[in-house]
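**Q** Provided below for reference: sequence and predicted model.
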Amino acid sequence: MHKNKYWLFFLSCFVGVSLYYGAQTSIALFDYFRFNQKTIGKVEEVVILKDGYNSYSIDVSYSFMFKGKKIEKQERLNEVFFNPWSTELKKKNLLNSTLIVFLSKASSKDETLSKLSVYFPTKLCVYSLALLFTTIYLFFLGRRINSSQEN
């Protein structure tokens, strides 16, 4: 391998970044494939919470059927509201609607209302593949330069 300590340091930093993005991609892909079933949920209760001076969030209590059993859950929505009027409007809309609940076929404990958890992590996959191929390229480039310096 290369004897230049700066090159080895650069390559090891690059490998570290590649491993970090690879781990992030693996976690995101696991979450994507974990939520493999959809069902309809019914909103039971909506509670408005004041988080700060001008920020509000919403807790939703809902129920859905899973394997013949009625499951009741509560989840805080990812949305942040900056005035009480928009929060009240969202509450009114939620009470008059049904929800799509994304869940795992294996367990009713793994469920979410957030569509963000269900989207395929395309960006992370592209970054991870680009970093992987660049790492392989840099590794072979270092070997090539090292072998040409020895001759």
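**A** Happy to help now that I have it.
**Q** helix or strand right after the lowest-mean-pLDDT helix or strand in the chain?
**A** Least confident helix or strand of the chain, by mean pLDDT, DSSP states H and E, is strand 111-112 with a mean of 72. Using DSSP states H and E, the helix or strand that follows strand 111-112 in sequence is helix 122-150.
**Q** what helices or strands is that next one leaning on?
**A** Applying 3 or more C-beta pairs under 8 Å, 6 or more residues apart in numbering; DSSP states H and E, we find helix 122-150 packed against helix 5-34. C-beta here means a position set from N, CA and C on the backbone, and glycine is covered the same way.
**Q** moving C-terminal from the helix it packs on, which element do we reach first?
**A** Helix 5-34 is succeeded, C-terminally, by strand 37-50 (DSSP H and E).
**Q** list the buried ones in that next one?
**A** Buried residues in strand 37-50, counting neighbours by 16 or more other C-beta atoms under 10 Å, are found at 41, 43, 46.
**Q** what does stretch 54-72 give?
**A** Quick answer for stretch 54-72 (16+ other C-beta under 10 Å): 56-58, 60, 62, 64, 66, 71.
**Q** ends of that stretch, what's the gap?
**A** End-to-end distance for stretch 54-72, by C-alpha to C-alpha, to the nearest Å: 30 Å.
**Q** give me the contact list for it.
**A** Contacts to stretch 54-72, defined as C-beta atoms under 8 Å, 6 or more residues apart in numbering, come from residues 39-51, 73-77, 79-84, 87, 90-91, 94, 99, 101, 103, 108, 111, 113.
**Q** before we move on, the earlier item: who are the packing partners of the least confident helix or strand of the chain?
**A** Helices and strands touching strand 111-112, by 3+ C-beta pairs under 8 Å, 6+ apart, are strand 69-76, strand 98-103.
**Q** could you say which of those is packed most deeply?
**A** Most buried of the helices and strands packed on strand 111-112, by mean neighbour count (mean count of other C-beta atoms under 10 Å): strand 98-103, with a mean of 18.
**Q** check which helices and strands that strand sits against.
**A** Judged by 3+ C-beta pairs under 8 Å, 6+ apart, the packing partners of strand 98-103 are strand 37-50, strand 56-66, strand 111-112.
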